[in-house]
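Peer 1: take this sequence and fold it.
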Amino acid sequence: QVQLVESGGGLVQAGGSLRLSCAASGLTFSSNAMGWFRQVPGKEREFVAAITWSGGGTFYTNSVKGRFTISRDNAKNTVYLQMNNLKPEDTAVYYCAAGDVSRRVERYNYWGQGTQVTVSS
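Peer 2: Next comes the predicted model:
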């Protein structure tokens with residue numbers, strides 16, 4: 001059974017930082033690209049960042065470039081999202097996903113349960 005478990009969300013003031021983690025089990029982690037998405041109520045889930053299976057390629061949505069960094073540790077079956085200089089508009093539930101490296105939701109086969117990130121102004 002595949003499980004992706006996110007952690008590290010919380011409440012932070014604008015300008016602050018958070019580091020999200022996603023621990024994977026039940027799949028060959030090093031064979032999967034990993035992605036982070038986010039969703040606010042009433043809106044579609046949107047792409048945030050993705051990383052190739054080796055970690056050699058990373059991709060970001062424009063609004064987080066220069067502020068967020070995606071990384072992975074294949075020995076620990078874990079993917080991270082370091083979020084710096086957070087803004088109120090970053091408030092959302094953040095999800096990690098495993099599948100093909102893509103900005104598209106449908107290219108990912110497995111999803112975590114999500115972790116809430118709230119940025120206060």
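
Peer 1: now the residue nearest the centre of the chain. Nearest residue, chain neighbours left out?
Peer 2: Centroid-nearest residue in the chain, with Cα atoms, centre = their mean: residue 36, separated by 2.5 Å. Distances taken as Cβ to Cβ, 6 or more residues apart in numbering place residue 48 nearest to residue 36, at 4.4 Å, with adjacent residues excluded. C-beta here means a position set from N, CA and C on the backbone, and glycine is covered the same way.

Peer 1: okay, and the one you found sits in which element?
Peer 2: Take DSSP states H and E as the rule and residue 48 turns out to sit in strand 46-51.

Peer 1: with only the CA atoms kept, save that strand in PDB.
Peer 2: Listed next in PDB are the C-alpha coordinates belonging to strand 46-51 (Å, rounded to 0.1, in the frame of the first residue of the first chain):
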ATOM      1  CA  GLU A  46      -2.400  24.000  -8.600                       C
ATOM      2  CA  PHE A  47       1.200  23.000  -9.300                       C
ATOM      3  CA  VAL A  48       3.900  24.400  -7.100                       C
ATOM      4  CA  ALA A  49       7.100  22.400  -7.700                       C
ATOM      5  CA  ALA A  50       8.400  19.100  -9.100                       C
ATOM      6  CA  ILE A  51      11.600  17.200  -9.000                       C
END
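
Peer 1: okay, buried residues for that strand please.
Peer 2: By neighbour count on 16 or more other Cβ atoms under 10 Å, the buried set for strand 46-51 is 47-51.

Peer 1: tell me which of those is nearest to residue 14?
Peer 2: Distance to residue 14, by Cβ to Cβ, is smallest for residue 48 among the buried residues of strand 46-51, at 17.8 Å.
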